[in-house]
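J.: Model the following, please.
(one chain, ligands or ions: 1)
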Amino acid sequence: MQVWRFPTTGAPTTGTIDGLTLGTADIPRPGRGQVLVRMRAASLNYRDLMIATGRSARGAPLPDLVPLSDGAGEVVEVGPEVTRVAVGDRVAGCFMQSWLGGEISPDDAASSLGGAIHGVLVEYRLFDQQGLVRLPEHLSFEDGATLPCAALTAWNALFHGPKPLTVGQSVLVLGTGGVSVFALQFAHAAGARVIATSSSDGKLAQAKALGADEGVNYHAHPEWQTVVRALTGGRGVDHVVEVGGPGTLPRSIEAARQGGHIHLIGVLSGGGTIDPSVVLRRGVVLRGIYVGSRQMFEAMNQAIALHQITPVIDRVFDFEDAKAAYRHLQGQGHFGKVVIRIE
Ligand SMILES: NC(=O)c1ccc[n+]([C@@H]2O[C@H](COP(=O)([O-])OP(=O)(O)OC[C@H]3O[C@@H](n4cnc5c(N)ncnc54)[C@H](OP(=O)(O)O)[C@@H]3O)[C@@H](O)[C@H]2O)c1
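T.: Numbering: from 1, shown residues only. Okay, the predicted model is just below:
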């Protein structure tokens, strides 16, 4: 079978997208409790760019890492004592293979595909049966491959905090990348009012077509938080899906209502400083998010099936064009998700 890896060779391309190397390996056989999945599609997240370019917060990646956390495929063989899935099932791998439910543990955090352990950019992969979920029926493999990280992170932010999103509340999503577009779709389906920001008027038009109620161009309006407050009658939004990090957080706090919830997810921007007195004066809740558990994934898939939500895929690349897929994500021109078909 074919497999993409980031070899740890010390070559000049190490730590770059060009380091990605296509090789071969034997198709593994499932042992007790294991499942062999023929991978059909994988999707990229910003994290995969950070890992490819040596900017991962976890430090040095696994030697000869098979990249990408998010993939979907078909069960082709099961080992002894497998009861959760059967041959022919269409499945996706959980981002954190061991986080089944409850609170996340340090061991769970160390079970992330495509970082702490090998990922899914490969034709066949063995999974523990506990690390898989079934895909919603209406989704293709390409659709299903977008769910494990971006969708689940957005879902966890909106629905698994101390005060989950309720009908009629307002949600601010920053930019139109993978996490933010899923947050837009989930919030819209839940009956919330969605305000989206973007660097591009064209992408804001796409966001509105998906259900965003308002759009703010953060290039045209560098003080976008004041526009967001004005759009909410001066009150501020109930929830912020915060993917920007240091460069956007101070403005996100200003855009939130008194006691609003800010879901800390990303680090797309740098440079800002946070004044803790603003946090306490405004009584906002800052909640750190790390993807989500299998239990959350299954709850999300029920909602996706009920509302017939279809992930927004910007572009699908062929398996042999994996480097081009990375470069497309790096260009930040995408809206939603970038996918690799594994045929
Ligand atoms: N904590 C977690 O569990 C978790 C899970 C998933 C992702 N993340 C993090 O969340 C972030 C987003 O991930 P992703 O995979 O969705 O990324 P992505 O698809 O690459 O999103 C990129 C988009 O974000 C927008 N953006 C970039 N800089 C921005 C800024 N300063 N202000 C507002 N929007 C900005 C741009 O949209 P426009 O072109 O429309 O402006 C850009 O196209 C990353 O930092 C990632 O590491 C964390």
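
J.: got any ranges where the stretch 1-150 of the chain has weak pLDDT?
T.: Scanning the stretch 1-150 of the chain for pLDDT under 70 picks out 57-60.

J.: count of neighbours near the residue of it at minimum distance from the ligand?
T.: At 3.5 Å from the ligand, Tyr46 is the closest residue in the stretch 1-150 of the chain, using C-beta to the nearest ligand atom. For the C-beta atoms, the positions are set from N, CA and C on the backbone; glycine is no exception. Neighbourhood size, Tyr46 [other C-beta atoms under 10 Å]: 19.

J.: And Asp213, by the same measure?
T.: Close neighbours of Asp213, defined as other C-beta under 10 Å, add up to 16.

J.: what's the answer for Trp99, then?
T.: Residues within reach of Trp99, counting by other C-beta under 10 Å, total 25.

J.: show me the residues around it that make contact.
T.: Residues near Trp99 by C-beta atoms under 8 Å, 6 or more residues apart in numbering: Ser105, Asp108, Ala109, Ser111, Gly292, Ser293, Arg294.

J.: And the helices in the stretch 1-150 of the chain?
T.: 46-52, 106-109, 141-144 (DSSP state H, counting those that start in this stretch).

J.: Check which helices and strands the longest one is in contact with.
T.: Of the remaining helices and strands, those touching helix 46-52 by 3 or more C-beta pairs under 8 Å, 6 or more residues apart in numbering; DSSP states H and E are helix 322-331.

J.: The helix it packs on: which residues count as buried?
T.: By neighbour count with 16 or more other C-beta atoms under 10 Å, helix 322-331 contains the buried residues Ala322, Lys323, Ala325, Tyr326, His328, Leu329, Gln330.

J.: do the same with stretch 179-191
T.: Buried-residue list, stretch 179-191, by 16+ other C-beta under 10 Å: Val179, Ser180, Val181, Phe182, Ala183, Leu184, Gln185, Phe186, Ala187, His188, Ala190.

J.: quick one: which of those is nearest to the ligand?
T.: Val179 (3.6 Å).

J.: Wait, that closest one touches Ile265, no?
T.: Yes: counting by C-beta atoms under 8 Å, Val179 does reach Ile265; the two are 6.0 Å apart.

J.: what do these two both touch?
T.: Residues within reach of Val179 and of Ile265 at once, by C-beta under 8 Å, 6+ apart, are Thr153, Val241, Val243.

J.: out of those residues, which are inside helices?
T.: When DSSP state H is applied, the shared contacts of Val179 and Ile265 are split such that Thr153 fall in helices.

J.: who wins for most neighbours among the shared contacts of Val179 and Ile265?
T.: Ranking the shared contacts of Val179 and Ile265 using other C-beta under 10 Å puts Val241 first, with 32 neighbours.

J.: hey, what's that residue bridged with?
T.: Beta-bridge partners recorded for Val241 (DSSP bridges): Val173, His263.

J.: Next, the contact list for Met340, please.
T.: Actually, residue 340 is Ile. It isn't Met. Ile340 touches 41-44, 68, 121, 316-319, 321-322, 325, counting by C-beta under 8 Å, 6+ apart.

J.: can we see that at 7 Å?
T.: Residues near Ile340 by C-beta atoms under 7 Å, 6 or more residues apart in numbering: Ala41, Ala42, Leu121, Phe317, Phe319, Ala322, Ala325.

J.: Do you know the pLDDT at it?
T.: Ile340 carries a pLDDT value of 98.

J.: The closest residue to Ala52 other than its chain neighbours: neighbour count?
T.: Take Ala52 and drop its neighbours on the chain: the residue closest to it by C-beta to C-beta, 6 or more residues apart in numbering is Ile17, 5.2 Å away. Each residue near Ile17 was counted by other C-beta under 10 Å, and the total is 19.
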